[in-house]
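K.L.:
Just a sequence and a predicted model for now, questions to come.
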Amino acid sequence: MKLGKRKVVFYLFFVLCTVVIAWNFYVTIKRPQNGYNINNQMHLKASLQNHEYNGNVSSERNYSNSTEQRRIEYGIQMGGEQIRIITETLQEKGNLLVWGLGNDSPYWHNSTKGKVVFIEDDIPKRKAGIMWYDKIVKQYSFLEVYRVHYTTNTVKSFKKYINSPEIWFELDLSNQLPASVTQTHWHVIIIDAPLGCCQKGPGRYQSIYTSRVLGSKGTHVFVDDFERKVEHEFSIKVFGKPVEVIQRRSTNASRANEQAHFIFSSYNQTGMGQRKKTKPDILITPVLNIAENVNNN
């Protein structure tokens, strides 16, 4: 009798283990991969169209689980709070300019009914010998993307430009962009390119300064990787003090980082739409939490 009970227990344990193994295998096979497919794009577009943007930055600092799931599902490297602040600032018909191109670009393309433009560098991918621009544009042909050529170096250019505003005009890339970009009023500009890391390659001096040239009164500029030396110190030199610094939590897929939020409250302009290359006034009135003490790297 005791032997029979043991057999029953053994068989139940065996069946349970089999079910668990089968379920884990099923979940692994069916789990969605990071990046976009057509079903993801349709789902994202529908969810964004149903979301009403009022243009006001919310004081709520917690983001929902659905936002985090969507961030992971669509391969977006930004943190949930960073995404939320940008999309709520953008408004439903806001114009968005993004420095950088990637698998998350369709997310930003569908985040507004306004104009969305991406700017990418013309540096070939080292191993494959192809341009990242060509790869992404082929995969997402509906994106409006323009290439520019960066001439700075992340490390070597720092000393040259950090305290020399009289030569910042050298950083202006607007002459490489069409009138449809230079003559548009951009409600939001995201600076997340060039790569600007690893102590080599072009830094973000030109994308930061050119954003100042392209921006106008009311433009919101978000500088990603603000904890890094170039992004931190040069953006403050160019834009002034940020109204807030938004942090991204560290995860298994990405490191913690900071994103600075600047706002143009005014911009001096002269005839024919030509902007003077003078420092714009930056709105210091709190939007969320003003970064009173920003640590220099």
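P.N.:
Yes, it's here.
K.L.:
what's the distance between residue 184 and residue 219?
P.N.:
Relative to residue 219, residue 184 is positioned 11 Å away (CB to CB, to the nearest Å). (Each C-beta comes from the backbone N, C-alpha and C, glycine too.)
K.L.:
And residue 81, by the same measure?
P.N.:
Per CB to CB, residue 81 is found 21 Å from residue 219.
K.L.:
repeat for residue 172
P.N.:
If you measure residue 172 against residue 219 using CB to CB, the figure is 16 Å.
K.L.:
which one of these two has more residues nearby?
P.N.:
Taking neighbours as other CB atoms under 10 Å, residue 172 and residue 219 compare with residue 219 leading, 22 against 15.
K.L.:
Verify the contact between the more buried one and residue 191 for me.
P.N.:
No. The criterion here is CB atoms under 8 Å, and residue 219 misses it with residue 191 at 12.0 Å.
K.L.:
For the chain, give me the ranges with low pLDDT.
P.N.:
The model of the chain has pLDDT under 70 over residues 1-4, 20, 22-75, 124-130, 252-254, 266-297.
K.L.:
try 50 this time
P.N.:
1, 27-64, 268-297 (pLDDT under 50).
K.L.:
mind giving me the domain ranges of it?
P.N.:
What automatic domain parsing lists as the domains of the chain is 1-31, 37-273.
K.L.:
out of those, deepest packed?
P.N.:
Stretch with highest mean neighbour count among the domains of the chain: domain 37-273 (a mean of 17; mean count of other CB atoms under 10 Å).
K.L.:
what's near enough to touch the residue lying closest to residue 212 once chain neighbours are set aside?
P.N.:
Spatial nearest neighbour of residue 212, excluding adjacent residues (CB to CB, 6 or more residues apart in numbering): residue 238 at 5.4 Å. Residue 238 is in contact with 168, 208, 209, 212, 279, counting by CB atoms under 8 Å, 6 or more residues apart in numbering.
K.L.:
Closest one to residue 140 out of those, please.
P.N.:
The shortest approach to residue 140 among those belongs to residue 208, at 25.6 Å (CB to CB).
K.L.:
follow-up on the earlier one: now intersect the contacts of residue 238 with the helices, please.
P.N.:
Among these, DSSP state H puts 208, 209, 212 in helices.
K.L.:
and the last one, how far is that from residue 204?
P.N.:
With the distance defined as CB to CB, residue 212 ends up 12 Å from residue 204.
K.L.:
can you give me the helices in the stretch 101-250 of the chain?
P.N.:
105-109, 132-139, 156-161, 179-182, 205-214, 229-239 (DSSP state H, counting those that start in this stretch).
K.L.:
you'd agree residue 121 is up against residue 146?
P.N.:
No. In this structure residue 121 lies outside contact range of residue 146 using CB under 8 Å: 10.7 Å.
K.L.:
which residues does residue 200 contact?
P.N.:
Listed by CB under 8 Å, 6+ apart, the contact set of residue 200 reads 153, 154, 155.
K.L.:
Torsion angles phi and psi at the nearest residue to the last one once chain neighbours are set aside?
P.N.:
So the one you mean is residue 155. Setting aside the residues directly before and after it, residue 155 is nearest to residue 199 in space (CB to CB, 6+ apart), at 5.5 Å. The phi and psi values for residue 199, taken as degrees, to the nearest 10, are phi 60, psi 20.
K.L.:
How about residue 256?
P.N.:
phi -70, psi 150.
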